[in-house]
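[1] predicted model and sequence below, questions to follow.
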Amino acid sequence: MEKFFELKERGTDIKTEVMAGITTFMTMAYILAVNPIILGASGMDTGAIFTATALASAFATFCMALLANMPFVLSAGMGLNAYFAYTVVIGMGYTWQQALAAIFVEGVIFIFLSLVNIREAIFNAIPPSLKIAVSVGIGLFISFIGLQNAHIVVAGPTLVTLYSFKSSVEGGMFQSEGITVLLALIGLLVTSFLLIKNVKGSVLFGIILTWGLGMICQATGLYVPNPDKGFFSLFPNGIISMPASLEPTLMQVDFSSVMSFEFFSVLMAFLFVDLFDTIGTVIGCASKANLLDKDGRLPKVKQVLLTDAIGTTAGSLMGTSTITTFVESSAGIAEGGKTGLTAITAGCLFFLALFFSPVFLAIPAFATAPALIIVGFLMMQQVARISWTEDTLTAVPAYITIFSMAFMYSISEGICFGVISYTILHVFAGKGKDVTPLMYILTVLFILKYMFL
């Protein structure tokens, strides 16, 4: 194990890697519950979707460990699953079988692009300053996700606003929603304290302790489940369960509409979002794990991107939407995960979830939210590596990348605006020769994307 995963060479050990894998899985286990709900809206069998999601996640994550030896964990991408169900199927009238065909074709195209090193070239073309900015932007992005998951930040007249405990008491929601917000805030303080005290596994322990406090609140009547409002029991309704059959979705791809123009537009949307979300996530997580070399390149990036493509192709055949590298991988990396053993651990847990789904599905969002917020803090630390005053020509595009990811709620949009601003500002400053040809190509493509997509 030491020889295969290069544990000593990367300054880690088995205990750290296993702890990191568990942490990553805990922060992203929600996908097992959410993906069947979202894809189920398209008419797919929810039980089969759960099985497909768990199996595809485990398979792709194992591939990441064995082919690339990286601590990245994969599953069905949020946003892309919603696009699949609500836009492609419900909005455009495609069948879910035809939508799965688009996912399959996307995966095959990405396998080709990975094998001929085009995706690797795009990864390497992004300047070091933007790579740092991507990591910082993902920190803000994942913190915002945590704040939303815990309902600390909610929709309001100013677009977003702070949760109102007074309103929750007056509306009779304090014992269901209000108490979970309070528990999330307590969990944030507990996790922060453990981090300050350099407790090994602070993020994972923070999740478990916050969940445990919630169980105590439910047992004493402070927390009252309200399923109609999305607040469920914090106690598992069982331990062991048999996985649902994969048959309703297995090998159900329908290529009958592949030659249509609409299919091409659907395919391009899947391709674009997945391509740059994945590249952004890998950049951010690799930066945090100190896996990039002095030139900002990631060893075995080809294998990393190929794994993502293989996972997407296999997932479509099983019956789930695009499989992609999850930004929550940064939670395990924050715990010290640096090798594929982290991924192996998370992959095993995805497989075990097939048989212990009641336990894993009981993990509440308010317990994992503090972990995401703290991981955001850890990823934000890289902002100090940006030359804010000495080199404003690269600092300004870095800043644009950071705020675009957070405020536009999209990793891919952050990369787009960062690349466009970097290229244009260098041309205006008379330093266009410092911009690589591929950056010019990406800039033109991104501008065309905003004009026509």
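    Everything's here; your move. Numbering: from 1, shown residues only.
[2] helices of the stretch 151-300 of the chain, start to end?
    Taking DSSP state H, counting those that start in this stretch to define them, one finds helices in the stretch 151-300 of the chain at 165-170, 179-196, 202-219, 261-288.
[3] out of those, deepest packed?
    Counting by mean count of other C-beta atoms under 10 Å, helix 261-288 has the highest mean neighbour count of the helices of the stretch 151-300 of the chain, with a mean of 22. C-beta coordinates here come from the backbone N, C-alpha and C atoms, glycine included.
[4] care to break this structure down by domain?
    2-150+237-362, 386-452 (automatic domain parsing).
[5] quick one, strands of the protein?
    Ranges of strands in the chain, per DSSP state E, are 74-76, 153-156, 159-162, 323-325.
[6] and of these, who's closest to G340?
    strand 74-76 (12.4 Å; C-beta to C-beta).
[7] kindly reformat the domains of the chain as a markdown table containing mean pLDDT and distance to W211.
    Compiled in a markdown table, the domains of the chain are given as follows (pLDDT from 0 to 100; distance: least, C-beta to C-beta, whole Å):
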| stretch | mean pLDDT | distance to W211 |
| --- | --- | --- |
| domain 2-150+237-362 | 91 | 8 |
| domain 386-452 | 94 | 27 |
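[8] how close does V73 get to I283?
    From V73 across to I283, the span is 16 Å (C-beta to C-beta, to the nearest Å).
[9] so what's I152 up against?
    L162, Y163, V181, A184, L185, A369 (C-beta atoms under 8 Å, 6 or more residues apart in numbering).
[10] pick the one among the residues you listed closest to S241.
    A369 (25.9 Å).
[11] and the residue nearest to C416 when sequence neighbours are not counted, what does it touch?
    Nearest non-adjacent residue to C416, counting by C-beta to C-beta, 6 or more residues apart in numbering: F446, 4.5 Å away. With contacts defined as C-beta under 8 Å, 6+ apart, F446 is in contact with C416, V419, I420.
[12] which of the residues you listed has the largest number of neighbours?
    Neighbour counts for the contacts of F446, by other C-beta atoms under 10 Å, peak at V419, which reaches 28 neighbours.
[13] hmm, that one is touching K131, no?
    No. Applying C-beta atoms under 8 Å, one finds V419 not in contact with K131, separated by 11.6 Å.
[14] which residue sits closest to A82, ignoring its sequence neighbours?
    In space, and not counting its chain neighbours, A82 is closest to I38: 5.6 Å by C-beta to C-beta, 6+ apart.
[15] residues near the one you found, how many?
    Neighbour number of I38 under other C-beta under 10 Å is 23.
[16] quick check: it touching G79?
    No. The criterion here is C-beta under 8 Å, and I38 misses it with G79 at 9.9 Å.
[17] returning to what we had before: for F123, find the nearest of the strands of the chain.
    The nearest among those, by C-beta to C-beta, is strand 323-325 at 12.2 Å.
[18] buried set for that closest one?
    I323, T324, T325 (16 or more other C-beta atoms under 10 Å).
[19] could the residues you listed go into a markdown table alongside distance to I239?
    Formatted as a markdown table, those follow (distance: C-beta to C-beta, whole Å):
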| residue | distance to I239 |
| --- | --- |
| I323 | 28 |
| T324 | 31 |
| T325 | 31 |
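[20] for these, which one is nearest I386?
    For the buried residues of strand 323-325, the nearest to I386 is T325 (23.8 Å; C-beta to C-beta).
[21] the closest one bridge partners, please.
    For T325, the beta-bridge partners under DSSP bridges are L74.
[22] nearest to S357, of the helices of the stretch 151-300 of the chain?
    Checked against C-beta to C-beta, the stretch from these lying closest is helix 202-219, at 16.5 Å.
[23] mind giving me the packing neighbours of that closest one?
    helix 14-28, helix 179-196, helix 365-380 (3 or more C-beta pairs under 8 Å, 6 or more residues apart in numbering; DSSP states H and E).
[24] how far away is the nearest residue to S412 once chain neighbours are set aside from F123?
    Residue nearest to S412 in three dimensions, not counting chain neighbours: F276, with 3.7 Å by C-beta to C-beta, 6+ apart. To F123, F276 is 10 Å away according to C-beta to C-beta.
[25] tally up the residues packed near the residue lying closest to I373 once chain neighbours are set aside, please.
    Spatial nearest neighbour of I373, excluding adjacent residues (C-beta to C-beta, 6+ apart): G146 at 4.1 Å. By the measure other C-beta under 10 Å, the count of residues near G146 is 25.
[26] just L448 next, same as before
    Neighbour tally, L448, other C-beta under 10 Å: 10.
[27] same thing with A429?
    A429: 11 neighbours (other C-beta under 10 Å).
[28] show the contacting residues for the residue nearest to it when sequence neighbours are not counted.
    With C-beta to C-beta, 6+ apart as the criterion, A429 has its nearest non-adjacent residue at 5.6 Å, and that residue is L393. By C-beta under 8 Å, 6+ apart, L393 lies in contact with L425, H426, A429, K431.
[29] also L306?
    When contacts are counted by C-beta under 8 Å, 6+ apart, L306 touches L67, I111, S114, L115.
[30] that one and N117, how far apart?
    10 Å.
[31] what does V396 give?
    For V396, the distance to N117 - C-beta to C-beta - is 30 Å.
[32] cool, P299 as well?
    With C-beta to C-beta as the criterion, P299 and N117 are 14 Å apart.
[33] can you check G172 too?
    Relative to N117, and taking C-beta to C-beta, G172 is found at 59 Å.
[34] who's more crowded, the two?
    Higher neighbour count among G172 and N117: N117, with 14 against 11, using other C-beta under 10 Å.
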